[in-house]
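Asks: Have a look at this prediction, sequence included:
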Amino acid sequence: MNFPGSGIFKGMVVSAINLFGSYFDRAHAKRLITEQYPEERPTLPEASRSFPFLVFDGDPEKGIRCVACKICEKECPPQCILIEQDRDENGKLLRRPKVFNIDISVCMGCQICVESCPFESIRMDNIYEVSSYDRFDSLVLPKEKLLKSNEYYHSIHPTEAAETDARIEAARLKKEAAAKAAAQKMAAAKAAAEAKAAAEQSSQPESQA
Amino acid sequence: MTEADGAGAQTLDVSLGPQHPSTHGVFRMNVRMDGETVVKLQPVFGYLHRNHEKLAEGKSWLGSMPFTDRLDYICPITNNWGYALAVEKLAGIEVPDRAEYIRVIVGEMTRIQNHTAFLGFILGDMGAWGSALMYAFREREKILDLFEGLTGARMMANYMRFGGVRCDLPAGWLEKARAYIETYPAFLDEMEKFLTGNEILLSRLQGVGVMSAERAINGGLSGPVLRASGVDYDIRKVDGYGVYPRLKFRVPRGTVGDCFDRFMLRILEIRESIQILQQAFAQIPQGPILNPAVKTRGFKPPVGEAYGRIEGPKGELGFHLVSDGGEKPYRYHIRPPSLINLTLLEEMCVGTKIADVMVILGSIDIVLGEVDR
Amino acid sequence: MTLTPQTVLDRVHAALPQARIELLNNPSPSGQHSLLVHRDDALEVAQFLKNDPELLLDYASNVSGVDYPDHLEAVYHLFSIAQKQGPIVLRTRTGDRSGDACLPSLTPVWKSADFQEREAFDLLGIRFEGHPDLRRLLMWDEFVDHPLRKDYVAPEDYEYEPTPHGEILAKISAPASQA
Amino acid sequence: MTDDALRSELQKRGIFVTSFEDLYNWGRKNSLWPLQFGLACCAIEMIAAAAARFDMARFGAEVFRPSPRQADLMIIAGTVTKKMAPLVVRLYNQMPEPKYVLAMGACAISGGPFKEGYNVLKGIDRYIPVDVYVPGCPPRPEALLEGLITLQKKIEKQRLFGKQLPRHADPQAPAEYPVPAYGPHDLIPPLNPDVFCPKRNASSAE
């Protein structure tokens, strides 16, 4: 086939194959790949991320993992996080945030807050339908909107959530073991001191809890 | 706007862009024409100057990583790689083997999807806005799905870390990628059948925008544009960074240095990338993916400077970093291949018809995020 | 021959004994030591580096300007495509940061320096003498500052900042607390 | 105004009753022609949304017009730099009414990650009114489609008569917005106070 215009003809054959093929390609595999959004939603892969959210365990007030350490606020490359630490009635700083705002009109979804968080508190969500008519009210997500349960986290990133839970559990066990060991040590020290005291027949024991 | 030059002939000054359907973003050219022939061409930059270099001086070393995604936004992962490589040079960080293989895999897939999109865009520049772009993007979506499964985002991956990569391949990803790459040559064959024999395409590309090897070197062209002029220079071979010395591949070269060579070179490069990918899939070892010596927070490289470069899909992507030993870079400079490949745009375009300017620009394959930073 | 900064330096010294050029040590593990050329000799040295058959540094890949407290620098990363070697780092220094911020342009030697020198002029204010078309590259022509300098102050336009930080917080909360 | 309940009852029986307004809005919302105008990263996602997989043609919005004179919708897809801002405003002024603006991505909304830059405009709503904001960096093509649906909902509700007219039907509303000029340090003026109405958020208003 080397008549003039054969290249164009060949190209048109390819176009025709693609056009008619799309009517018979029901498996969405090769040619017909259109996703019928919004009726048909994409199944996002597990790793998919969009904006951050805060994880809580159980109760959204008491179970909040965030301790307002402000590491993510400092590390956030576009500086879209604002945290204010909560205070009790005497003005003493509490280990929880009073204000936790994420401005999703600035957030670039880079996940660096997640990596820098030492308390497994901030995680990436995969919501994307967040368009709005107003920039000033609805695009700054306050703490109430950011808080989502650990179950939700498990539902969107199961593998990662399981790993996180295992890490938290391991840390808790380690802490408990350490506390136990410390208690044992202290008890042993106390016993030894008492024994020493008894041996020396001293009038008063030295160590107190 | 007409004006009479010294010879008394009438010339016409036209400003092409920044809003022009074929300028790949907000690129502008001031073109002086004599009839339809270009006599002078001045590119105007800066319409997407996002102050990346200034911002980086105020961020932590890691904090600039997501910003590199947005340089050449068609291939973010190779930008990550270039930056990570430069910092690794600066701080003398070793990268584990598995991470190097993962980098090669995602890097070559990025190259494939960039060149695929190029095939669509250059047809768009020629006026065939439609089928080719649709086919190219249909294929590109499949690679983006793989990227999303791995990095979590379709485009802005933020995947590399100093001394490795951020996360390991999820279960089953490698098999999916391998299966996909096996189907890719069929698409490329179809695309070649669709395009490369087409007489209109040939007449639009052949003999247009010719660039000699000597001028190309002097003008600092890099990547496919340099090789299309017949220069055998591929940084993957020359520097041998990563695990490229362990992988067998050829470096395709052009002979004439015209737009058609640049077009075909991309197709040949895709085929070589597929070869590289297949070897990498076979060789990838188990092991750690991140050098444990590198801290996430408070990373401070030693005082000094380094220039690291990779062979990006568009050309030599280099990072010149100056560190004063602090948590932030003292100077962070990018060598953007897209900008420097435009150095010789005027030389390529003068003497051609105005309609060819778009084709020449398309064949250089620029991305404005990188041109203006 | 393998190109290292030392061999290049020896070669330049042998051919151009009057050229003021010295080796600057780079303490980082990258080991990319650089050659500091006096700006008056830079053009001559550059011509030599490009044309000398032993060196053939025909490819000026990267040009970046660096702002130091008392001077500005232009750093050229040179490669040899013919010999597939590099980088050789060449740097030139200005006299000071304002009045004497002039350097010779190496664009006549390596065309690839064209846009990058214009960028350094635009963002750092290094005037490259002998550059064929020294205009601003990225900012508009009416712009007067050099924003990549360390002492550049960006215009204040933070009327609204949903998540204010540091200085911005101080700026915007000061009038609010007074009111 | 026809009674909604009556109308749906009639619709069930195969009789379609509509008002002129509704017909007009229905026609407009299903043939939004965007301006073919990409600024940065988001433009690639915009092209992806127009390509085969997401197919904006299903919403009647695939006719990307290269000329502003033929466009109804300006999708600001990417970072608006200060150098680009006057041109964006000029393009907006050249579009015929009724026209809509969709700010796609963090940079178009607020300057996004680049907002601290000296050449980055901190939101295009400083100069022209924006109808729908689609956050994300970049938003997925689905998110853009969702933004488009949000815009269609807005168009559906716009009234041609009575009080609270939309901008394009309001004779008081300006037909054109002033184009900022390049200044020695910044754009002049840095924002258009008629358009830009920021609110202090709760924490900084205290």
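Replies: Structure's in. What do you need?
Asks: could you pull out the strands for the chain?
Replies: All of this is about chain A. Applying DSSP state E to chain A gives strands spanning A:52-56, A:81-87, A:93-103, A:122-124, A:140-141, A:147-149.
Asks: that's the wrong chain, I wanted chain C
Replies: C:21-24, C:34-37, C:59-67, C:72-80, C:85-93, C:102-104, C:127-129.
Asks: To A:V67, which of these lies closest?
Replies: Checking those against A:V67 by CB to CB gives strand C:59-67 as the closest, at 39.8 Å. (Each C-beta comes from the backbone N, C-alpha and C, glycine too.)
Asks: tally of neighbours for the residue in the stretch 51-200 of chain B positioned nearest to chain D?
Replies: Nearest residue of the stretch 51-200 of chain B to chain D (CB to the nearest CB) works out as B:N51 at 3.2 Å. For B:N51, the neighbour count with other CB atoms under 10 Å in any protein chain shown is 23.
Asks: residues in chain D within reach of chain B, list them.
Replies: D:35-41, D:43-45, D:47-48, D:51-53, D:64, D:66, D:68, D:78-79, D:81, D:83-84, D:87, D:91, D:107, D:113-114, D:116-120, D:137-138, D:140 (CB under 8 Å from any CB of the partner chain).
Asks: after the helix or strand bottoming out on mean pLDDT in chain B comes which helix or strand?
Replies: Each helix and strand of chain B was given a mean pLDDT (mean pLDDT, DSSP states H and E); the minimum falls on strand B:2-4 at a mean of 49. Counting by DSSP states H and E, the next helix or strand C-terminal to strand B:2-4 is strand B:10-16.
Asks: Am I right that C:I88 is in contact with C:V8?
Replies: Yes: the pair C:I88 / C:V8 is scored as a contact, 5.5 Å apart, by CB atoms under 8 Å.
Asks: Identify the contacts common to those two.
Replies: Listed as contacting both C:I88 and C:V8 by CB atoms under 8 Å, 6 or more residues apart in numbering or on different chains are C:35, C:49, C:57.
Asks: Going by residue numbers, what spans are helices in chain C?
Replies: For chain C, the helices defined by DSSP state H occupy C:5-15, C:42-51, C:113-124, C:166-178.
Asks: repeat for chain A
Replies: Under DSSP H, chain A gives helices at A:6-24, A:71-75, A:112-116, A:143-146, A:150-156, A:158-200.
Asks: Same question for chain D.
Replies: Using DSSP H, helices in chain D cover D:4-12, D:20-29, D:41-50, D:85-94, D:105-110, D:141-157, D:202-205.
Asks: Reformat those as a markdown table; add mean pLDDT.
Replies: Compiled in a markdown table, the helices of chain D are given as follows (pLDDT from 0 to 100):
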| stretch | mean pLDDT |
| --- | --- |
| helix D:4-12 | 82 |
| helix D:20-29 | 84 |
| helix D:41-50 | 87 |
| helix D:85-94 | 90 |
| helix D:105-110 | 87 |
| helix D:141-157 | 89 |
| helix D:202-205 | 40 |
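Asks: And those: which comes nearest chain C?
Replies: helix D:202-205 (5.7 Å).
Asks: OK, contacts around residue 134?
Replies: All of this refers to chain A. D:Y133.
Asks: sorry, should have said chain D
Replies: A:130-131, D:102-105, D:143-144, D:146-147.
Asks: Setting aside sequence neighbours, what's the nearest residue to it?
Replies: Nearest residue to D:V134 in three dimensions, chain neighbours excluded: D:G147, at 3.7 Å (CB to CB, 6 or more residues apart in numbering or on different chains).
Asks: What distance do you get for the one you found to D:V130?
Replies: As judged by CB to CB, to the nearest Å, D:G147 and D:V130 stand 11 Å apart.
Asks: Neighbour count for those two, which is higher?
Replies: D:G147 (26 against 22).
Asks: how close does that one sit to chain B?
Replies: Per CB to the nearest CB, to the nearest Å, D:G147 is found 17 Å from chain B.
Asks: Spit out the contact partners of that residue.
Replies: D:G147 neighbours (CB under 8 Å, 6+ apart): A:131, D:102, D:104, D:132-134, D:139.
Asks: burial count for B:I200?
Replies: 14.
Asks: ah, wrong one, I meant B:G312
Replies: Counted with other CB under 10 Å, B:G312 comes out at 28.
Asks: Run a quick neighbour tally on the closest residue to it other than its chain neighbours.
Replies: Among residues not flanking B:G312 along the chain, B:T78 sits closest, at 4.6 Å (CB to CB, 6+ apart). Neighbour count for B:T78, taken as other CB under 10 Å: 28.
Asks: Could you verify that B:T78 is part of a strand?
Replies: No: with DSSP: H, G, I helix; E, B strand; the rest coil as the criterion, B:T78 is located in helix rather than a strand.
Asks: ok, now how distant is B:R111 from B:E190?
Replies: On the measure of CB to CB, B:R111 and B:E190 end up 20 Å apart.
Asks: what residue lies at the spatial centre of chain A?
Replies: A:R123 (1.1 Å; CA atoms, centre = their mean).
Asks: Same check on chain D?
Replies: Mean-position check on chain D, CA atoms, centre = their mean. Result D:V101 at 1.8 Å.
Asks: Please verify my assumption that that residue contacts D:I128.
Replies: Yes: the pair D:V101 / D:I128 is scored as a contact, 6.0 Å apart, by CB under 8 Å.
Asks: can you list residues touching both of the two?
Replies: D:Y92.
Asks: How many neighbouring residues does C:L36 have?
Replies: Neighbour tally, C:L36, other CB under 10 Å: 17.
Asks: Touching, it and C:I21? I think so.
Replies: Yes: here C:L36 reaches C:I21: they are 6.9 Å apart, a contact under CB under 8 Å.
Asks: what ranges of the stretch 251-373 of chain B fall below the confidence cut-off?
Replies: Along the stretch 251-373 of chain B, the model assigns pLDDT under 70 to no residue.
Asks: all helices of it, in order?
Replies: For the stretch 251-373 of chain B, the helices defined by DSSP state H, counting those that start in this stretch cover B:259-283, B:337-341, B:345-349, B:354-364, B:368-372.
Asks: Turn those into a markdown table, columns for distance to chain D and mean neighbour count.
Replies: Below are the helices of the stretch 251-373 of chain B laid out as a markdown table (distance: least, CB to the nearest CB, whole Å; neighbours: other CB atoms under 10 Å in any protein chain shown):
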| stretch | distance to chain D | mean neighbour count |
| --- | --- | --- |
| helix B:259-283 | 18 | 20 |
| helix B:337-341 | 13 | 28 |
| helix B:345-349 | 20 | 21 |
| helix B:354-364 | 12 | 23 |
| helix B:368-372 | 6 | 28 |
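Asks: can you list these in CSV and add distance to B:W129?
Replies: Listed next are those as CSV, based on distance: least, CB to CB, whole Å:
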stretch, distance to B:W129
helix B:259-283, 17
helix B:337-341, 22
helix B:345-349, 21
helix B:354-364, 12
helix B:368-372, 18
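Asks: wait, which of these is closest to A:A68?
Replies: Using CB to CB, these put helix B:368-372 closest to A:A68, at 35.8 Å.
Asks: helix, strand or coil for the residue of the stretch 101-250 of chain B found nearest chain C?
Replies: Closest approach between the stretch 101-250 of chain B and chain C, counting by CB to the nearest CB: B:G220, at 2.3 Å. At B:G220 the chain is in coil, as set by three-state DSSP.
Asks: ok, it touching C:V63?
Replies: No: at 9.2 Å, B:G220 does not count as touching C:V63 under the criterion of CB under 8 Å.
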